[in-house]
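# What follows is a predicted protein model with its sequence.
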Amino acid sequence: MLPRNALVALVLGVPLLAASAARAEESAKEIARKARDRGALNLRDLTAELKLSTTRNGVTKEQVLRTTAREINGRAHSLAKFLQPAGVAGVTVLTIEGGEGEPDDISIYLPKLKRVRKVARSQRGQSFMDTDFQYADLGGTSAEDEDLKRLLDTKVQGRDVYVLKGHGDEASPYGDVVMYVDKETFVPLQVDYEDKDGKPFKKYQTLKLKKFKDRVLAAESVMENLQSGSKTRMEILKIEEQTLGEEAFTERGLERG
């Protein structure tokens, strides 16, 4: 898959590469892996409070969530618990990185029903909590590794970027996906999505980078639906250097709250 680019998952960090010669030799798959592990929201062993502001037809709805991540048995695990508004408070999403060639596992706890349900691959194209992110965005862009191609490097927002192109799998809502990855930080600065018919569908952009100790995070970003005109802005409100115990990153942990 192409690297995670938003919300919960995107579990990522940032040592700089040593030399431009090394950068030139990066393969598409290597860049994708580093962007997945080091870019966007680098919340491994951190906890952040995020605000999601979704604007449709001139009306903006805000949601606040707390998200954290850690690596367990070599796989990235991430949790996102909604805090506001009252109607979604307590809803919690657990994303566990899939093994080689396997999709990520996504579970959601619904406090009103007091139960956990799996998000099936056939549901990955559905809107995530009524935002412009899809469930597919929690685990990645659903583009297969073997389809990844490295295109000519370019600049985005005045920064040097790698350009990767992939194609969504059959469970993804996406056709071609083009990602622009910052060479210095491996944060995806822009992602262009087409739908299955090859029409422009969505655009993700990092609006503001923020340094937190030895990491660089996407402090503000936006996902825009080019077909409907709606957009969801994501902003880091605060961040702490802590995470939860391994038990919290299980379905039993979801049920315990």
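Alright, I've got the coordinates.
# for this protein, what helix or strand is lowest in average pLDDT?
helix 20-24 (a mean of 39; mean pLDDT, DSSP states H and E).
# Compute the first-to-last residue distance for stretch 81-92.
In stretch 81-92, first residue to last residue: 4 Å (C-alpha to C-alpha, to the nearest Å).
# how far out from the middle of the chain is that stretch?
Relative to its chain's centre, stretch 81-92 lies at 19 Å (C-alpha atoms, centre = their mean, to the nearest Å).
# Who are the packing partners of the biggest helix by length in the chain?
For the chain, the helix reaching the highest residue count under DSSP state H is reported as helix 28-38. Secondary-structure packing of helix 28-38 (3 or more C-beta pairs under 8 Å, 6 or more residues apart in numbering; DSSP states H and E): strand 149-156, strand 159-167, strand 176-182. Any C-beta I mention is one placed from the backbone N, CA and C, and that applies to glycine too.
# if you set the cut-off to 10 Å instead, what comes out?
Here helix 28-38 touches strand 149-156, strand 159-167, strand 176-182, strand 188-194, going by 3 or more C-beta pairs under 10 Å, 6 or more residues apart in numbering; DSSP states H and E.
# what mean pLDDT does the strand or helix carrying residue 78 have?
According to DSSP states H and E, residue 78 maps onto strand 75-84. Mean pLDDT, strand 75-84: 93.
# That strand: which residues count as buried?
Within strand 75-84, the residues that qualify as buried by neighbour count (16 or more other C-beta atoms under 10 Å) are 76, 77, 78, 79, 80, 81, 82, 83.
# can you put these in a markdown table and add distance to residue 159?
What follows is the buried residues of strand 75-84, written out as a markdown table (distance: C-beta to C-beta, whole Å):
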| residue | distance to residue 159 |
| --- | --- |
| 76 | 25 |
| 77 | 30 |
| 78 | 26 |
| 79 | 31 |
| 80 | 28 |
| 81 | 33 |
| 82 | 33 |
| 83 | 33 |
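# So which of these is the closest to residue 95?
residue 78 (4.8 Å; C-beta to C-beta).
# Give the residue spans of the stretch 101-250 of the chain that score low on pLDDT.
In the predicted model of the stretch 101-250 of the chain, residues 139-146 satisfy pLDDT under 70.
# Tell me which stretches of it form helices.
Under the criterion DSSP state H, counting those that start in this stretch, helices of the stretch 101-250 of the chain are mapped to 135-139.
# Next SSE downstream of the longest helix of the chain?
By DSSP H and E, the next helix or strand past helix 28-38 is strand 47-56.
# and that following strand, which strands flank it?
Paired strands of strand 47-56, with direction, are strand 59-72 (antiparallel), strand 231-240 (antiparallel) (DSSP bridges).
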